[in-house]
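Provided below are the primary sequence and the corresponding predicted coordinates.
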Amino acid sequence: MTFSYRIFYKIILLFLGTYCLIRATVDDIRFFPNFTFPRTHINEYSFVRTSFFATTASSAFINTEETKQIPALFGDFDLNELAVALVKTGKPNPLRSDLQGISLPFFTSATYQTQAGILEAEYHIWGNPYSDIGGFSLGGSLMAQRTNAAYRFKFDAVESRLAFITPSDIILIEKARKQAFSELNLVGDQASHFGFGDTTLYIRNFHNWDYTAKFRQIQAGLTAAVLIPSGLTNFSAKSHAIPTGNNGFWGVQFGADGIFQIKEFMQAGLYLKISQRFKKTKIMRAPVNNEPYVYGALIAPIKIIPGATLHLSPYFLLEELRPDLCLGIQYTLVHHIKDNWVDMRENKTPQTTLAQPIKFSSWAYEYLTIFGLYGRRNTSKICNDLLPEFSVKIDFPVSFFNAHHVPKTYRAVVAFSIYF
């Protein structure tokens with residue numbers, strides 16, 4: 001490639017990257033994994049990447065030993081609890097008089113699916129990573145995303161306290177459930193979102209060392225980011241939809257990363273991050289009779305004080321298994337400390353029951369990732385060309401330590417990157 005062509009392509013990449021710096025991938029989302037590819041290039045300080053991912057989930061980790069259907073993340077659904085909650089908020093009881101006051105549990109299941117297209121970029125803007133001050137980069141990505149949550153409800157006659165149940169009773173109970181949802185203004189048993197994810201603007205300072213601490217080469221970096229809530233948020237008619245971001249909360253994130261070249265064709269890496277979203281008062285659904293909060297009978301101002309989110313992700317990579325082919329494995333742990341919910345109404349009648357959503361707001365997911373990279377890699381300190389790379393990644397949910405209160409989501413990713 002001639003010098004003029006290299007300059008032309010870099011100008012195009014710079015234009016795309018500058019455009020996409022308005023948004024960035026966010027990795028503190030509860031309902032599906034959204035962490036990006038690990039850093040595997042020590043000598044390339046800039047890149048542009050386009051990728052597509054799809055996820056699916058039909059069950060959830062309640063704790064390390066227990067797996068249930070996804071709606072169990074919000075609590076068990078009992079129609080009588082919801083009916084009493086409706087009465088407390090001044091709405092009619094949808095149940096027939098002889099069914100009132102009797103436990104009417106439902107077996108609920110759901111399927112969560114997401115698809116997203118992402119354009120990412122990071123650019124070395126200033127400095128030399130081999131100097132005392134190191135190099136500085138700006139990075140970000142533009143993501144368009146579609147989410148879909150489909151719920152199914154079935155009256156659990158075995159677990160109910162009804163001594164005798166007929167098929168007509170079951171039909172009547174299901175009709176009462178639909179009437180209750182209509183009183184709540186919940187639209188159907190399916191909820192979809194389409195839009196952008198949250199925005200992250202970050203700066204990274206990184207250093208390179210050759211033949212240090214018994215490694216052939218090391219790159220270590222520190223990042224500081226602001227998290228901007230540009231993703232779609234839930235609202236009362238679709239409170240059981242999957243948010244495309246972190247549901248409207250501003251925040252900050254600080255991180256550290258390292259790439260360690262162990263041998264000529266072997267490297268390891270590590271990510272450490274901590275995110276903190278800021279408190280916010282939201283008009284949202286709230287329970288008044290211990291019903292799951294996504295079906296809360298009351299719409300009220302609730303101040304949510306989010307807990308911190310911790311992110312740990314080591315990986316290992318084998319390079320040049322065949323010419324230009326690399327394979328790697330990655331482990332990711334993201335743990336969110338529980339939030340605090342406060343009812344901000346002046347008149348707190350009826351009284352909200354927030355203990356359950358507070359308890360369920362703590363979550364953690366673990367993933368084992370297998371990824372493959374195919375593309376030419378640079379072994380010198382200066383990149384003389386644009387280096388294209390095709391990559392695939394599959395994320396498997398696991399529970400080695402403490403996965404809890406998260407969907408058991410599988411994700412597949414394909415990407416094309418250019419390093420320079």
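Received it, and whenever you're ready, just let me know what you need.

Name all residues that make contact with Gln351.
Counting by C-beta atoms under 8 Å, 6 or more residues apart in numbering, Gln351 makes contact with Val288. (Glycine included, C-beta is placed from N, CA and C.)

Just say helix, strand or coil for the closest residue to Thr233 other than its chain neighbours.
In space, and not counting its chain neighbours, Thr233 is closest to Gly248: 4.2 Å by C-beta to C-beta, 6 or more residues apart in numbering. Using DSSP: H, G, I helix; E, B strand; the rest coil, the structure places Gly248 in coil.

Next one: Gly248 from Phe153, what distance?
Gly248 sits at a distance of 28 Å from Phe153 (criterion: C-beta to C-beta, to the nearest Å).

ok, the residue nearest to Thr233 touching Pro229?
Yes - the criterion here is C-beta atoms under 8 Å, and Gly248 meets it with Pro229 at 4.7 Å.

ok, those two, which is more surrounded?
Neighbour comparison, Gly248 and Pro229: the larger count goes to Pro229, with 21 against 18 (by other C-beta atoms under 10 Å).

Quick check: that one vs Gly197, distance?
10 Å.

With Thr111 instead?
Distance of Thr111 to Gly197, computed by C-beta to C-beta: 21 Å.

Show the pLDDT at Lys10.
Predicted confidence (pLDDT) for Lys10: 45.

whoops, I mixed them up, Arg345
96.

Where does His177 sit: helix, strand or coil?
For the record, residue 177 is Arg, not His. Applying three-state DSSP: Arg177 is helix.

show me what contacts the closest residue to it other than its chain neighbours?
Leaving aside its sequence neighbours, Arg177 sits nearest to Leu79 (C-beta to C-beta, 6+ apart; 5.5 Å). Neighbour list for Leu79: Leu95, Leu104, Pro105, Phe106, Phe155, Ile173, Ala176, Arg177, Ala180 [criterion: C-beta under 8 Å, 6+ apart].

just Tyr331 next, same as before
Ser313, Pro314, Tyr315, Glu366, Tyr367, Leu368, Thr369.

from these, which two are the most distant?
The span of the contacts of Tyr331, defined through C-beta to C-beta, is set by Tyr315 and Glu366 at 13.9 Å.

Beta-bridge partners for the closest residue to Arg376 other than its chain neighbours, please?
Nearest residue to Arg376, sequence neighbours excluded (C-beta to C-beta, 6+ apart): Leu387, at 5.2 Å. Listed by DSSP bridges, the beta-bridge partners for Leu387 are Tyr419.

if I look at Leu387, how far off is His404?
Counting by C-beta to C-beta, the separation of Leu387 from His404 is 41 Å.

More neighbours: those two, which one.
The neighbour comparison of Leu387 against His404 (other C-beta under 10 Å) goes to His404, with 21 against 18.

give the contact list for the nearest residue to the more buried one once chain neighbours are set aside.
Distances taken as C-beta to C-beta, 6+ apart place Asn63 nearest to His404, at 4.6 Å, with adjacent residues excluded. Neighbouring residues of Asn63 by C-beta under 8 Å, 6+ apart: Ala403, His404, His405.

Three-state assignment for Asn63, please.
Asn63 ends up coil, using three-state DSSP.

And it, how close does it get to Ala355?
From Asn63 across to Ala355, the span is 18 Å (C-beta to C-beta).

again, but for Gly221
The value you get for Gly221 to Ala355, if C-beta to C-beta is used, is 41 Å.

likewise Thr108?
Using C-beta to C-beta, Thr108 is found at 21 Å from Ala355.

cool, and Ser137?
Computed as C-beta to C-beta, the Ser137 to Ala355 distance reads 44 Å.

Distance of Phe31 relative to Asp395?
From Phe31 to Asp395 the distance is 14 Å (C-beta to C-beta).

any common contacting residues for the two?
Thr409.

Arg345: helix or strand, and which one exactly?
Following DSSP states H and E, one finds Arg345 outside all helices and strands.

Tally up the residues packed near it, please.
Burial measure for Arg345: 14 neighbouring residues, criterion other C-beta under 10 Å.

can you tell me which residues contact the closest residue to it other than its chain neighbours?
Computed as C-beta to C-beta, 6+ apart, the closest residue to Arg345 that is not its neighbour in sequence is Ala300, at 5.3 Å. Residues in contact with Ala300 (C-beta under 8 Å, 6+ apart) are Ile283, Met284, Ala286, Asp343, Met344, Arg345, Thr352.

now the closest residue in space to the second one that isn't next to it in sequence: how far from Ile283?
Okay, so that is Met284. Nearest non-adjacent residue to Met284, counting by C-beta to C-beta, 6+ apart: Ile302, 5.4 Å away. As for Ile302, its distance to Ile283 is 8 Å (criterion: C-beta to C-beta).
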